[in-house]
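[1] Quick one, fold the following:
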Amino acid sequence: PGKIREIIAACDCCRLGLCDGGRAYVVPLDFGFTEKDGHYTFYFHSAKEGRKIELLRESGWASFEMDCGHEWVEGPRACDHTARFQCVMGGGPVTLLETAEKKRAGLAAIMAHITGRDQWEIGEDALKGVCVLRLEVEELTCKVHE
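    Now for the predicted structure:
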């Protein structure tokens, strides 16, 4: 659990995987998160319209992947080369947040993760112009290759 939290905290991009007519659609996003008793909630911000929002409204579910710690390790032969990395993957239901209070909390989590600061003034106009997504993690896996 500690390593998973460490990896999530180190990542600056989370890729959402959505299904569009039987084909994968992957979109990279800034994110924030909260964790309570090992349960993670991820937050994303978005325009109110577009392909991603349409697909989330249809399915209500997304997979995700984030990775960090990339290092290429050379070897004497081609098959001895390898890559070091750390990644977290999973999935869960996604909700488009509606109330100003919930949107503000989600945006605050994003800003805290991106900047390391947790005190932000988020005005009503900003809240009206943005869609805030909440993904409640139900599936979670981690891979570390060192």
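[2] residue ranges for the strands of this structure, please.
    14-20, 23-29, 32-36, 39-46, 61-73, 82-96, 131-136, 139-145 (DSSP state E).
[3] Any chance of CSV for those strands, columns mean pLDDT?
    Below are these laid out as CSV (pLDDT from 0 to 100):
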stretch, mean pLDDT
strand 14-20, 97
strand 23-29, 97
strand 32-36, 97
strand 39-46, 97
strand 61-73, 94
strand 82-96, 95
strand 131-136, 98
strand 139-145, 94
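[4] Can I get these in TSV including distance to I4 and mean neighbour count?
    To be clear about C-beta, it is placed using only N, CA and C from the backbone, and glycine gets the same treatment. Listed next are the strands of the chain as TSV, based on distance: least, CB to CB, whole Å; neighbours: other CB atoms under 10 Å:
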stretch	distance to I4	mean neighbour count
strand 14-20	14	18
strand 23-29	19	12
strand 32-36	9	16
strand 39-46	8	20
strand 61-73	11	16
strand 82-96	6	17
strand 131-136	15	20
strand 139-145	5	13
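[5] which stretch among those comes nearest R5?
    Closest to R5 of the strands of the chain, according to CB to CB: strand 32-36, at 6.2 Å.
[6] how far off strand 131-136 does that closest one point, in degrees?
    30 degrees (axes from the mean of the first three to the mean of the last three CA atoms, to 10 degrees).
[7] ok, residues contacting strand 32-36?
    Under the criterion CB atoms under 8 Å, 6 or more residues apart in numbering, residues 5, 8, 40-43, 106-114 lie in contact with strand 32-36.
[8] again, but for stretch 92-108
    32, 43, 45, 53, 56-57, 60-62, 118, 120, 122, 124, 126-127, 130-139.
[9] one step back: list only those of the contacts of strand 32-36 flagged as buried.
    For those, a burial check counting by 16 or more other CB atoms under 10 Å picks out 8, 40-43, 106-113.
[10] Out of the residues you listed, the closest to Y25 would be?
    Closest approach between these and Y25, by CB to CB: F42, at 17.6 Å.
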